[in-house]
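> my questions concern the predicted model and sequence given below.
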Amino acid sequence: MSDETQAQQAERQRIAALPFDQALAEFKQVVEKLEAGNLPLEDSIALFERGVLLQRRCERMLSEAEMRFQRLVESGGGKVRAVDLPVGDTDGSG
Amino acid sequence: MREPLEPSVQPLRPATDPAKLPILTVGELTGLIKGTLRSAPRLRDVWVEGEVGQVSVSAAGHCYFTLKDERAQLRCVIFRDDRLMMPFEARTGLRLIAQGQIDVFEPQGAYQLYVRALQPSGFGDLALQFEALKAKLAAEGLFDSKRKRPLPAYPHNIGVVTSLSGAVLHDIRRVLARRWPLARVVVSACQVQGQGAAQTIVAALRRVARWTDEQTGRATDVVILARGGGSLEDLWPFNEEAVVRAVAAHPCPVVVGVGHETDVTLAEFAADIRAATPSVAAELVVPARADELARLDGHAGRLQAAAGRSLTERRQALNTERRALESFRPEALLAGERERVGLLLDRAARVVQRQLEIGQAELSRAAEQLPALLAGHVVGARAALGRQSAALAALSPYATLERGYSIVRGPDGAILRDARRVAQGDALSVRLQRGEVGARVESVRDSSS
């Protein structure tokens, strides 16, 4: 989008990195604010665009997320690290 | 117990006068034995464990049976009234613990245990320990419902404390991956039964508490402590004080899922939520993404509707304003404002249109990717999008074009409403229902003059 301002771009990037619960909460707020009305047209449009970005962020996470499944190990000094745990290691044969 | 006397035994050779010896009758001797046994405090209240041999119930309702182990047998009696009061009955082959008094039944010359109480073996001790610990921890308030913490609605990080071997971890992984793959799951391995299991469970819970996400610094939001079903002895680590306290003191909510049906372990009493099985525990800690998609779709519908309403209101306001302006003759200032609003509406319609196209494309993609269980939801979402498209199309400025009107833009790309803003030779662009036409101004007539 060539007509996108820097602020819009920053907002787009921020939304693309939001965790699900936060994106969903912001999305709900946008919907409620837009439903309440009484906004200048520019604000309505900006809000709508933001709402769509948030909605897509949520949808994408729901349909594309791949679960990280790891095992905690303790290394020297009592530090706890997570290391990947392949499916084969938990196949129920043990 | 001794075998009968061997045949090689020496015949009696009385060294003294038998008349001077205190010779007892059988009855007297038996009475002596009876007195001796009865006066032994140790035998007045005994607990004895063994396997039940022969059992018989007399016509009067008394129960006679033997308790035995590798070395000996013990005759036992339960009188009718006691027997009818007992929740538990002696049956051949059972291991049990009997409590009662040793006495002699003179007519048969037999000593026997007069049983007052019976319990299944291996249960008694543990059951007593269990009740004692339960009472103690309950008195401390460890099981109070006001201590229970709510589970997070959307956990980012989930801790799982269980054994790495066996079906439990596999089941938990399957449920979490299906319902909420957005989560990061960290498994802290422990031993779930046998000697030392309790310490490994406590250590595994502590390990989870010490971990935080490398990027976000976030700890786990919820922990699942799980094991499969088993006997009371197998489940015992979940009744040990250290484990119960570790569950109660854990920094985030703990869901305990133990696969068994009857006995509830103390760890479950201390848990923030108790689940019937490990799989149920996994279901409890995460939302279902199918539900969330449906909910999201509901919000999206409201967003589109609100945006549509807002545009309709503006359009009506603009039309009112235009009529008012036209009746007063336009003034340059107001015309500029009006154009600004017109452009915004234009932009809004474009935005909505673009989102609809993207939405369609995403839905087609989602329909291919998502499992069959979501297919119905996607069809519904597509129908909703279709309805929104129709509604938006009706308020798009392009709908006007279908009725035969055109949009004319001046050299600067702005919509042209006033002939005085162009001069002969200016390039215009004319947007029709289908396509665009480039044109040039031949003459200008100002209708207001």
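Nice, thanks for sending it over. Numbers count the residues shown, from 1 in each chain, chains lettered A, B, ... in the order given.
> all strands for chain A, in order.
A:68-74, A:80-84 (DSSP state E).
> could you list the buried residues of the worst-scoring helix or strand of chain A on mean pLDDT?
The least trusted helix or strand in chain A, going by mean pLDDT, DSSP states H and E, turns out to be helix A:41-64, with a mean of 87. Neighbour counts over helix A:41-64 (16 or more other CB atoms under 10 Å in any protein chain shown) mark A:41, A:44-59, A:61-63 as buried. The way it works is simple: take the backbone N, C-alpha and C, and place the C-beta from them, glycine included.
> these: which ones sit near chain B?
Filtering these for neighbours of chain B using CB under 8 Å from any CB of the partner chain leaves A:41, A:44-45, A:48-49, A:51-52, A:55-56, A:58-59, A:61-63.
> farthest-separated two in those residues?
Based on CB to CB, the longest span within those runs between A:Leu41 and A:Ser63 and measures 32.7 Å.
> quick one, strands of chain B?
B:46-57, B:63-68, B:73-78, B:95-105, B:110-120, B:157-162, B:184-189, B:222-227, B:254-258, B:273-275, B:407-409, B:427-431, B:436-440.
> ok, which of the ones you listed comes nearest B:Asp418?
strand B:407-409 (10.9 Å).
> check which helices and strands that closest one sits against.
For strand B:407-409, the packing partners by 3 or more CB pairs under 8 Å, 6 or more residues apart in numbering or on different chains; DSSP states H and E come out as strand B:427-431.
> tell me what angle the strand it packs on forms with strand B:436-440.
Angle, strand B:427-431 to strand B:436-440, by axes from the mean of the first three to the mean of the last three CA atoms, to 10 degrees: 150 degrees.
> buried stuff in strand B:427-431?
Neighbour counts using 16+ other CB under 10 Å place B:Arg431 of strand B:427-431 among the buried residues.
> got it, and stretch B:199-215?
Residues of stretch B:199-215 classed as buried by neighbour count (16+ other CB under 10 Å): B:200-209, B:211.
> then stretch B:26-40?
Result for stretch B:26-40 [16+ other CB under 10 Å]: buried residues B:30, B:37.
> and which of the buried residues of stretch B:199-215 is nearest chain A?
Of all these, chain A sits closest to B:Trp211, with 4.4 Å by CB to the nearest CB.
> show residues contacting stretch B:100-110.
The contact list for stretch B:100-110 (CB atoms under 8 Å, 6 or more residues apart in numbering or on different chains) reads B:26-27, B:30-31, B:33-34, B:37-38, B:40, B:43-46, B:75-77, B:111-117.
> show me the contacts for A:Gln22.
Contacts of A:Gln22 (CB under 8 Å, 6+ apart): none.
> relative to chain A, which residue of chain B is the closest?
Closest residue of chain B to chain A, CB to the nearest CB: B:Ser165 (2.5 Å).
> what ranges do the helices span in chain B?
Here chain B has its helices, by DSSP state H, at B:26-39, B:41-44, B:80-85, B:124-139, B:167-179, B:197-210, B:241-249, B:266-270, B:278-285, B:289-328, B:332-369, B:375-395, B:397-402.
> keeping just the C-alphas, turn the fourth one into CSV.
So that's helix B:124-139. What follows is helix B:124-139, C-alpha atoms only, in CSV (Å, rounded to 0.1, in the frame of the first residue of the first chain):
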residue,chain,number,x,y,z
GLY,B,124,-5.8,-50.2,56.2
ASP,B,125,-2.6,-48.5,56.9
LEU,B,126,-2.7,-46.3,53.8
ALA,B,127,-6.4,-45.4,54.4
LEU,B,128,-5.5,-44.3,58.0
GLN,B,129,-2.6,-42.2,56.8
PHE,B,130,-4.7,-40.8,54.1
GLU,B,131,-7.5,-39.7,56.5
ALA,B,132,-5.0,-38.3,59.0
LEU,B,133,-3.2,-36.2,56.4
LYS,B,134,-6.4,-35.1,54.8
ALA,B,135,-7.7,-33.9,58.1
LYS,B,136,-4.5,-32.1,58.8
LEU,B,137,-4.2,-30.3,55.5
ALA,B,138,-7.9,-29.5,55.4
ALA,B,139,-7.5,-27.9,58.8
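> and the contacts of that helix?
If you take CB under 8 Å, 6+ apart as the criterion, helix B:124-139 is touched by B:97, B:119, B:143, B:232-233, B:236, B:239, B:241, B:244-245, B:266, B:269-270.
> please apply the same query to the fifth one.
Identification of contacts with helix B:167-179 by CB under 8 Å, 6+ apart yields A:67, A:69, A:87, A:90-92, B:158, B:160, B:162-163, B:183, B:185, B:187, B:224, B:226-228, B:259, B:278-279, B:281-283, B:285-289.
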